[in-house]
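Student: Sequence first, predicted model second:
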Number of protein chains: 2
Amino acid sequence: MSERVLVKQLQARSDGPVSVSGWVETVRDQKKVQFVILRDETGAVQLVNPATRFDPDAAEPQNAEALALTDTISALTTGTFLTAQGELKHDERVKLGGVEIKLSGLEIAAAALPETPIAADSAQDKRMDWRFLDLRQRRNNLIFRVQTTLEHAMRTWWIERDFIEIHSPKLMSSASESNAELFALEYFGEQTAYLAQSPQFFKQMAQSAGFGKIFEIGDVYRADPSFTSRHATEFTSVDAEISWIDSHEDVARMQEELLAFAIGAVLEKHGAEIEELFGVTPTTPTIPFPRIPLAEAREIVAARGYEIPRTDGDLDPEGERQISAHVKETYGHDFVFITDYPHEIRAFYHMRDAETGLTKSYDLLYNGVEITTGAQREHRVDILIEQAKQKGLEPEHLDFYFDFFRYGVPPHGGFGMGLARVLMLLLGESSIREVTYLFRGPTRLSP
Amino acid sequence: MSERVLVKQLQARSDGPVSVSGWVETVRDQKKVQFVILRDETGAVQLVNPATRFDPDAAEPQNAEALALTDTISALTTGTFLTAQGELKHDERVKLGGVEIKLSGLEIAAAALPETPIAADSAQDKRMDWRFLDLRQRRNNLIFRVQTTLEHAMRTWWIERDFIEIHSPKLMSSASESNAELFALEYFGEQTAYLAQSPQFFKQMAQSAGFGKIFEIGDVYRADPSFTSRHATEFTSVDAEISWIDSHEDVARMQEELLAFAIGAVLEKHGAEIEELFGVTPTTPTIPFPRIPLAEAREIVAARGYEIPRTDGDLDPEGERQISAHVKETYGHDFVFITDYPHEIRAFYHMRDAETGLTKSYDLLYNGVEITTGAQREHRVDILIEQAKQKGLEPEHLDFYFDFFRYGVPPHGGFGMGLARVLMLLLGESSIREVTYLFRGPTRLSP
């Protein structure tokens, strides 16, 4: 078998024998000539074959191989994976890359059933049923190449700064956030295990362990019955935690540098293709990102004529869109840190400012949607236990966590960021379902 | 507050004022002078203070600040995190790095309780109870810096070769391997979800989706009641899957190149420290790794005088050690691929050789322990369903998986590798528990 050549390599290759492998995107089976568009992970190429049709009145015996190849092409179904041999020919008239392959042979790896169950414009839920077919679309493939570049850039940025990568356990003996939205399972018949809602406790543990700076990219779980475009029951969380900070501002600075670097890497590698396939032109954000205290953000939103219905003092999704619109209009920026949240609407482990009582925390909004909560953590164990009690948590369930603080811990803080939200907003998509490999929701557990 | 300097930066720094932050490793509180060994994530440094003890008979008033600093140091507990200010002084007589800091002030971030519950040589299970203290040991910290480098090198190797990184869901509607060792949970009261035992089905799905080459590093779950040094209920699995292979040999080649590159990167960065702290001298493996068919491996083991008690034709752990010892003696190699396993002892999705009936698969052994199973997958759906039936699986439960093949799929294969096993064997450790951030086993769900 001759060596496989990728479609993207064809243009730079000289005319001559070649072998390509991929799946059938379309077949045009004309009387005199047959065309197959074959796609692989790098592009699409036109295969061409002068048809040899069976002719009962043929003067001479027909070429059996040519007849068979013609029949094989006529019977090809969309999605069939095959290897094609033939002669590569450069031809400017061929719109698809300026090359085509004149077929000499085909080997079918696996023929597809004739009826493809979805099209590119099928309803989302139906496309999710057949996600493996949906992912064959170029734009969907690009999402995961963008994801790969984004993650690798973040990890590279961290590792160049001596961060340690951890994999914290997702099976826990307690809730990692509140007791709401918690998946529970029987653990060897004796105990109950819970699926981690975040790596919060364990990334803080790394600070007590003297790791200094850590990151984790891993799956977390929320038994969240909501059906919004921003929620899932399982999602990939991007987390970092650092020691010896003075405030949440140190965390925010780390995160904005990280994101500017990673988005820059994505645009450098995939910018043109993102523009072609998603019709958006993301830009690398400038540093620093704007910062607005929550109270001021609410005033700005109110001044824009939007009355936030929430009574707890937080922004709601429309409020987030409004303040982001304000930032975009005022500073031309896609990101904004909203800071200084009242402790009533933050987790118990957020540190509070001694004077104002406001938490040393932020949310980061990107193109109008929250992607992150970051904070300095309360590391003084007496205050931490007191804050847990105020939230109605039972300290005895969190004793293993409080131990991390009883034996010494540095001041520290960090953030958690939803990977799919970042991808969704970067690519201008409307739902995290579109940018998740296999979305999981209350009614979506398969494939 | 003056800027924090890392301990590793002190040697290259000029004498003068400096601020360091870390935790107290030891205190020597002598009458005339006090010494504190302070450790941070990069090393340890000696802090020194000429003691000013309260003297009721002092001729002149004593310096209140000096008295307070002396008292503070006397009261320091091991593990306390603090920031120290002082004058850096280079002094060849100081064994610890040839520098010390003459203290001018201390700020305690969080004082540790006086009784440290474990020591470096405490029993393993006790150390696991206090893992965050156990991880403060230099050698344990090194494990996770090695892990960070190992993973980043693997990802870099893959990404330079256009692999796509995926995050497959761990919540599934079916078992991903056999029906044994499966964690189940109630999913919104209506369905049962299972925790993925491997990303097997979903990394194969990426092949059907035309992704070509993919990798994933993520957690998987086994409700495995065993207590061996090689098993856990949750562990990090390193997975790759590639299209358009001719046999499992293509997978083996990819894996040996990947491992040689990644181990090389680890030794370049951490080799000296591994030797110092673990007393082992790992080497970068040469390519190709030796390959031995299983039947031949069993003969070699028998000829060495070890009778394998298993009757299913597989190797047992001692058989793995024996064949690895043979390979080490014969070829001087730490790795060996054992190939051509009978289908009776392999998963249903392994492709079988048409002539011999043996699977196109391998196990990879490293220093005597299995770290990987790799294989070409059966991509012809009729044969695949037949093989599932032979294993007693009910095809209707796997229909979503078979669909990946019904709509076209390329020939493909891949491997799964236990990250902790690789680390254990690289560092000469005796248990994966020692190299896992927080081990999870049948009786270990906390912290």
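Tutor: Structure received.
Student: what comes up buried for the longest helix anywhere in chain A?
Tutor: Across chain A, the longest stretch assigned as helix under DSSP state H is helix A:248-278. Going by neighbour count (16 or more other Cβ atoms under 10 Å in any protein chain shown), the buried part of helix A:248-278 is A:248-252, A:254-256, A:258-263, A:265-267, A:269-270, A:274, A:277-278. From N, CA and C alone the C-beta is placed, and that goes for glycine too.
Student: what packs against it?
Tutor: helix A:138-160, strand A:234-243, strand A:335-339, strand A:361-366, strand A:369-376, strand A:412-418, helix A:419-426 (3 or more Cβ pairs under 8 Å, 6 or more residues apart in numbering or on different chains; DSSP states H and E).
Student: try it again with 7 Å
Tutor: In terms of contacts (3 or more Cβ pairs under 7 Å, 6 or more residues apart in numbering or on different chains; DSSP states H and E), helix A:248-278 is packed against helix A:138-160, strand A:234-243, strand A:361-366, strand A:369-376, strand A:412-418.
Student: ok, and what's touching the helix or strand just after the fourth one?
Tutor: Right, strand A:369-376. Per DSSP states H and E, the first helix or strand lying C-terminal to strand A:369-376 is helix A:381-390. Applying Cβ atoms under 7 Å, 6 or more residues apart in numbering or on different chains, the contact partners of helix A:381-390 are A:348, A:349, A:378, A:395, A:398, A:402, A:405, A:406.
Student: Can you tell me which residues in the stretch 201-350 of chain A are near chain B?
Tutor: Contact residues, the stretch 201-350 of chain A versus chain B (Cβ under 7 Å from any Cβ of the partner chain): A:202, A:205, A:208-212, A:218-219, A:225, A:233-234, A:236, A:244, A:246.
Student: among those residues, which are in helices?
Tutor: Checked against DSSP H, these include these in helices: A:202, A:205, A:208.
Student: Redo those residues as JSON lines? Include neighbour count and pLDDT.
Tutor: Below are these laid out as JSON lines (neighbours: other Cβ atoms under 10 Å in any protein chain shown; pLDDT from 0 to 100):
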{"residue": "A:202", "neighbour count": "28", "pLDDT": "97"}
{"residue": "A:205", "neighbour count": "27", "pLDDT": "98"}
{"residue": "A:208", "neighbour count": "27", "pLDDT": "98"}
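Student: Which member of those residues is positioned nearest residue A:423?
Tutor: Checking these against residue A:423 by Cβ to Cβ gives residue A:202 as the nearest, at 24.8 Å.
Student: Just say helix, strand or coil for the residue of chain A positioned farthest from its centre.
Tutor: Distance from the C-alpha centroid of chain A peaks at residue A:59, with 61.8 Å (Cα atoms, centre = their mean). Here residue A:59 is recorded as coil under DSSP: H, G, I helix; E, B strand; the rest coil.
Student: now residue A:409: how far from residue A:151?
Tutor: Residue A:409 sits 29 Å away from residue A:151, taking Cβ to Cβ, to the nearest Å as the criterion.
Student: Which one's more surrounded, these two?
Tutor: residue A:409 (28 against 19; other Cβ atoms under 10 Å in any protein chain shown).
Student: For residue A:73, see how far away that one is.
Tutor: Note on residue A:409: its distance to residue A:73, by Cβ to Cβ, is 68 Å.
Student: Tell me which helix or strand residue A:47 sits in.
Tutor: Residue A:47 belongs to strand A:43-50, assigned by DSSP H and E.
Student: same thing with residue A:103?
Tutor: strand A:99-110.
Student: swap in residue A:311?
Tutor: Residue A:311 belongs to no helix or strand when elements are defined using DSSP H and E.
Student: quick revisit: want to throw the ones in helices among the residues of the stretch 201-350 of chain A next to chain B into TSV with distance to residue A:170?
Tutor: Below are these laid out as TSV (distance: Cβ to Cβ, whole Å):
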residue	distance to residue A:170
A:202	10
A:205	14
A:208	20
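Student: and which of the residues of the stretch 201-350 of chain A next to chain B is nearest to residue A:44?
Tutor: residue A:236 (29.8 Å).
Student: Pull the contacting residues for the closest one.
Tutor: Here residue A:236 is in contact with A:217, A:218, A:219, A:419, A:420, B:167 (Cβ under 7 Å, 6+ apart).
Student: Can you tell me the closest non-neighbouring residue to the last one?
Tutor: Spelled out, that is residue B:167. residue A:236 (4.6 Å; Cβ to Cβ, 6 or more residues apart in numbering or on different chains).
Student: Write down the beta-bridge partners of the closest residue to residue A:373 other than its chain neighbours, one by one.
Tutor: Leaving aside its sequence neighbours, residue A:373 sits nearest to residue A:363 (Cβ to Cβ, 6+ apart; 5.5 Å). Following DSSP bridges, residue A:363 is listed with bridge partners residue A:338, residue A:373.
Student: pLDDT score assigned to residue A:363?
Tutor: On pLDDT, residue A:363 comes in at 98.
Student: Kindly report the domain assignment for chain A.
Tutor: A:7-110, A:127-435 (automatic domain parsing).
Student: Would you mind finding the most buried of those?
Tutor: Here the criterion is mean neighbour count by mean count of other Cβ atoms under 10 Å in any protein chain shown, and of those the winner is domain A:127-435, at a mean of 19.
Student: C-alpha coordinates for the longest strand belonging to chain A, PDB please?
Tutor: In chain A, assigned by DSSP state E, the strand with the most residues is strand A:16-29. The C-alpha trace of strand A:16-29 is given here as PDB (Å, rounded to 0.1, in the frame of the first residue of the first chain):
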ATOM      1  CA  GLY A  16       2.200  11.800 -10.200                       C
ATOM      2  CA  PRO A  17       0.900   8.700  -8.300                       C
ATOM      3  CA  VAL A  18      -0.700   9.400  -4.900                       C
ATOM      4  CA  SER A  19      -2.800   7.800  -2.300                       C
ATOM      5  CA  VAL A  20      -5.300   9.700  -0.100                       C
ATOM      6  CA  SER A  21      -7.700   8.500   2.600                       C
ATOM      7  CA  GLY A  22     -10.900  10.100   3.900                       C
ATOM      8  CA  TRP A  23     -14.600  10.100   3.700                       C
ATOM      9  CA  VAL A  24     -17.000  10.800   0.800                       C
ATOM     10  CA  GLU A  25     -18.600  14.200   1.000                       C
ATOM     11  CA  THR A  26     -20.400  14.200  -2.400                       C
ATOM     12  CA  VAL A  27     -20.600  12.100  -5.500                       C
ATOM     13  CA  ARG A  28     -21.600  13.400  -9.000                       C
ATOM     14  CA  ASP A  29     -22.200  10.400 -11.100                       C
END
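Student: which stretches of the stretch 1-150 of chain A have low pLDDT?
Tutor: Counting by pLDDT under 70, the ranges of the stretch 1-150 of chain A that qualify are A:1-2.
Student: check contacts around residue A:29.
Tutor: A:73, A:74.
Student: show me what contacts residue A:66?
Tutor: Contacts of residue A:66 (Cβ under 7 Å, 6+ apart): residue A:52.
Student: Sorry, wrong one. I was asking about residue A:280.
Tutor: A:274, A:427, A:428.
Student: Give me the pLDDT for the closest residue to residue A:328 other than its chain neighbours.
Tutor: Distances taken as Cβ to Cβ, 6+ apart place residue A:334 nearest to residue A:328, at 6.8 Å, with adjacent residues excluded. The model reports residue A:334 with a pLDDT of 98.
Student: Wait, residue A:334 touches residue A:366, no?
Tutor: Yes: between residue A:334 and residue A:366 there is a contact at 6.1 Å, judged by Cβ atoms under 7 Å.
Student: Up against chain B, what does the stretch 51-200 of chain A have?
Tutor: So the stretch 51-200 of chain A meets chain B at A:79-81, A:109-113, A:116, A:132-133, A:135-136, A:141, A:144-145, A:147-148, A:151-152, A:155, A:159, A:164-171, A:173, A:183-185, A:187-188, A:191, A:193 (Cβ under 7 Å from any Cβ).
Student: which stretch of helix or strand covers the closest residue to chain B within the stretch 251-400 of chain A?
Tutor: Closest residue of the stretch 251-400 of chain A to chain B, Cβ to the nearest Cβ: residue A:400 (4.1 Å). Residue A:400 belongs to helix A:399-406 when assigned by DSSP H and E.
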